[in-house]
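*Asks:* let me see the structure of the following:
(chains A, B and C)
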Amino acid sequence: MNSNASLVTIFIGMVIINNMVLTKFLGLCPFFGVSKKLSNAISMGVAVTFVMLLAATATSVIYNYILVPYEIKFMNIIIYILVIATLVQIVEITIRRTNIALYNALGIYLPLITTNCAVLGITLINANNNYSIVQSMVSAVGGGLGFTLVLIIMSGIRERLELGETPKSLRGLPIAFVTAALLALAFMGFSGLL
Amino acid sequence: MQNNVKNNKEKRRGLIAVKILENKFYPLYFLIIIVFVAVSLVMVVNNVTRGKIIAERDAAIISQFKVIFSEIEDYKFREEYYEIYGDGDVIGYTFIATGQGYGGEISILVGINTDFTVKKITIITNTETPGLGAKITENFFTDQFAGLSSKDISITRNGGKIDAITGATISSRAVTDAVKSELEAKIEKIKGDN
Amino acid sequence: MTKATDKLTAKKFWREVLKGFVIANPVFVLVLGLCPTLAVTVSLDNALGMGAGVIFVLMGSNLIISLIRKITPKLVRIPVYIVVIATFVTILSLVFEAYLPPLYESLGIYLALIVVNCIILGRAEAFASKNTIILSIADAIGIGIGFTISMLIVSFFREVLGTGQLTIFGRTLFSIPVLSESPLTFFIMPPGAFLVLGLLLALFRWLGVLKNE
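*Replies:* This next block holds a predicted model:
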């Protein structure tokens, strides 16, 4: 009943070949907002990956044990987003209680993870591909790592860009987009990998 | 006199409203009510559109099968294969076979007659090399499968009747092996179901 | 509260609508709603379909959120907004799946992702929760149309450069002779999306509209 794609294929696919940011355009808001400092990029990437894993696991359980058997797949949007909102709330409270430094570093971007296309996106991708719970978890980790990878690369490039002479109109966001275009082009070279 | 009565009624209503709004659990009740209304609304819309959605999906599947069984009138989903009906009777079966080609997964729609010989195959998805392996989608290759029983389905080098495409042995073999093994599995299943 | 300032004038209504076109253009000025803009703008048809969907959800959610703004407790307001938006998106998805299957197929997961489109939640929090119903609807229409126009602009460039033709509702509007035989497929693919949007953002800044960082 579930997809019979291998875990390795799913993982490599999500990290490189079907990278969430560069091929599916998911997770862009933090991508362009946070990616100017390397340390922020890593924290953000790890936080998002963690939430993606939690969300994918929870929603996959709901999908495989409730939505499909009871034929209420159409309820997925409402249920998934509520699950995600709850998870982010819990994660936020946990971080605030255990690691104040991290909480302050992530700042407003932590609650914004709720509306991050990548988190809801990965749950929808898992549902579309009919993944089992284990497959969904692998897919989420792969997707999150792919997101983090690209975030780190972008922040390195943008740190350099700040030092250069950019034309006034292109400064800031526009040149970041052009950089992303080149990055996406480079990643397309991976499409023959599997 | 009447004004006084009206004023008192309004004051009482106002007091009740304030009491509700200041109840400690009001936020929770409010959220629950909103969720309840939302879910009901979605259920209603789903009931209204359900028939049309199912009809659309059926039409899409039938037009896909029509390529193989031009006389198709109806089909029945049997978990791992489809029974094809024409003229009131079962005229054949269809199922999907997948194989690992040179560039990735190949998806093949296989239609078989009631005597378990192949009626026709079509390649649904593939990521083979254009100009070489991608030629598996062309009629000169797929037409070879028509009329064969599973014992004849292997490439000529292995004693079968399928001529592999020059320069695309891996792709050709992937399709051939996938069709053969899936066909044999499905024959067992169909025999077991009837 | 004086009655004079509360009076709803036609001028006020249309000013809210037009605001969404340029000054508060969601894509080029506020830089929100990027995910669908980049993914869906492969063709004009897709952009129109997505735009229509976003307008529907924006109007519905702004309407309801403005309607209940006085009884919504601050503590749970975000989850409430999310549920309202998710409801409208689900309804939209079901309607498209039933009556516009080809559009439903091309939009794919981006249809459901309207739910986390920053534009919609942003307007709910910034505007609809603080303004009257009629003004909230005006805001929704304006921002929605502004969003649709932005997407149409991006998809215009991507479709013309990437396929050499321009099609709408299945009919080819025009076809550029040399370009349609060997189009610059780059523009239909992900890198092309980033490039077109980046250059358009630069253009808008040059025109003096986008704020400098």
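*Asks:* need the longest strand for chain B.
*Replies:* strand B:89-100 (DSSP state E).
*Asks:* please save the CA atoms from that one in CSV.
*Replies:* C-alpha atoms of strand B:89-100 as CSV (Å, rounded to 0.1, in the frame of the first residue of the first chain):
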residue,chain,number,x,y,z
ASP,B,89,-17.6,-9.0,-19.3
VAL,B,90,-14.0,-9.0,-18.1
ILE,B,91,-11.9,-8.3,-21.1
GLY,B,92,-8.5,-8.1,-19.4
TYR,B,93,-6.5,-6.7,-16.5
THR,B,94,-4.1,-3.8,-16.0
PHE,B,95,-1.4,-3.2,-13.5
ILE,B,96,1.8,-1.1,-13.0
ALA,B,97,5.2,-2.6,-13.2
THR,B,98,8.3,-0.7,-12.0
GLY,B,99,11.9,-1.3,-12.8
GLN,B,100,15.2,0.4,-12.1
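*Asks:* each with direction, which strands does that strand pair with?
*Replies:* Under the criterion DSSP bridges, strand B:89-100 sits next to strand B:82-86 (antiparallel), strand B:105-112 (antiparallel) in its sheet.
*Asks:* now find how far off-centre it is within its chain.
*Replies:* In terms of C-alpha atoms, centre = their mean, to the nearest Å, the centre of strand B:89-100 is found 13 Å from the chain centre.
*Asks:* highest average neighbour count across the strands paired with strand B:89-100?
*Replies:* Comparing the strands paired with strand B:89-100 by mean neighbour count (mean count of other C-beta atoms under 10 Å in any protein chain shown), strand B:105-112 ranks first with a mean of 21. For every residue, glycine as well, the C-beta is placed using N, CA and C.
*Asks:* just after that strand, pick out the following helix or strand.
*Replies:* Using DSSP states H and E, the helix or strand that follows strand B:105-112 in sequence is strand B:118-125.
*Asks:* ok, now which ones touch the residue nearest the centre of chain B?
*Replies:* Central residue of chain B (C-alpha atoms, centre = their mean): B:Ile61, 7.9 Å from the mean position. Applying C-beta atoms under 8 Å, 6 or more residues apart in numbering or on different chains to B:Ile61 gives the contacts B:Tyr75, B:Tyr82.
*Asks:* any idea which helix or strand carries it?
*Replies:* helix B:26-66.
*Asks:* now that helix: mean pLDDT?
*Replies:* Averaging pLDDT along helix B:26-66 gives 88.
*Asks:* heading C-terminal from it, find the next helix or strand.
*Replies:* That would be, after helix B:26-66 and using DSSP H and E, strand B:74-77.
*Asks:* the longest strand of chain B vs helix B:26-66, what angle?
*Replies:* Computed with axes from the mean of the first three to the mean of the last three C-alpha atoms, to 10 degrees, the direction of strand B:89-100 lies at 110 degrees from that of helix B:26-66.
*Asks:* quick one: contacts of strand B:89-100?
*Replies:* Contacts of strand B:89-100 (C-beta under 8 Å, 6+ apart): A:4, B:65, B:68-69, B:71-72, B:75, B:80-85, B:105-114, B:119, B:124, B:174-175, B:177-179, B:181-183, B:186, B:190.
*Asks:* coming back round to it: mind putting the strands paired with strand B:89-100 in JSON lines, mean pLDDT and distance to B:Thr49 included?
*Replies:* Converted to JSON lines, those look like this (pLDDT from 0 to 100; distance: least, C-beta to C-beta, whole Å):
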{"stretch": "strand B:82-86", "mean pLDDT": "86", "distance to B:Thr49": "24"}
{"stretch": "strand B:105-112", "mean pLDDT": "86", "distance to B:Thr49": "28"}
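*Asks:* now tabulate these in a markdown table and tack on distance to B:Gly92.
*Replies:* As requested, the strands paired with strand B:89-100 are arranged in a markdown table below (distance: least, C-beta to C-beta, whole Å):
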| stretch | distance to B:Gly92 |
| --- | --- |
| strand B:82-86 | 5 |
| strand B:105-112 | 6 |
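*Asks:* so which of the ones you listed gets nearest C:Leu94?
*Replies:* C:Leu94 sits nearest to strand B:82-86 of all the strands paired with strand B:89-100, at 25.6 Å, using C-beta to C-beta.
*Asks:* quick one, the closest one and strand B:118-125 angle?
*Replies:* 120 degrees.
*Asks:* just give me how far strand B:82-86 sits from the chain centre.
*Replies:* 16 Å.
*Asks:* using PDB, list the CA coordinates for that strand.
*Replies:* The C-alpha trace of strand B:82-86 is given here as PDB (Å, rounded to 0.1, in the frame of the first residue of the first chain):
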ATOM      1  CA  TYR B  82      -7.500  -3.500 -12.200                       C
ATOM      2  CA  GLU B  83     -10.200  -5.600 -13.900                       C
ATOM      3  CA  ILE B  84     -11.200  -4.200 -17.200                       C
ATOM      4  CA  TYR B  85     -14.800  -4.600 -18.300                       C
ATOM      5  CA  GLY B  86     -16.200  -4.200 -21.900                       C
END
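*Asks:* list the contacts of that strand.
*Replies:* Counting by C-beta under 8 Å, 6+ apart, B:61, B:65, B:69, B:71-76, B:90-95, B:111 sit against strand B:82-86.
*Asks:* look at the residue nearest the centre of chain C and give its secondary structure.
*Replies:* With distances taken as C-alpha atoms, centre = their mean, the residue of chain C nearest its centroid is C:Phe147 (3.4 Å). Applying DSSP: H, G, I helix; E, B strand; the rest coil to C:Phe147 yields a three-state assignment of helix.
*Asks:* for C:Val196, see how far away it is.
*Replies:* Remark: distance between C:Phe147 and C:Val196 (C-beta to C-beta, to the nearest Å) = 16 Å.
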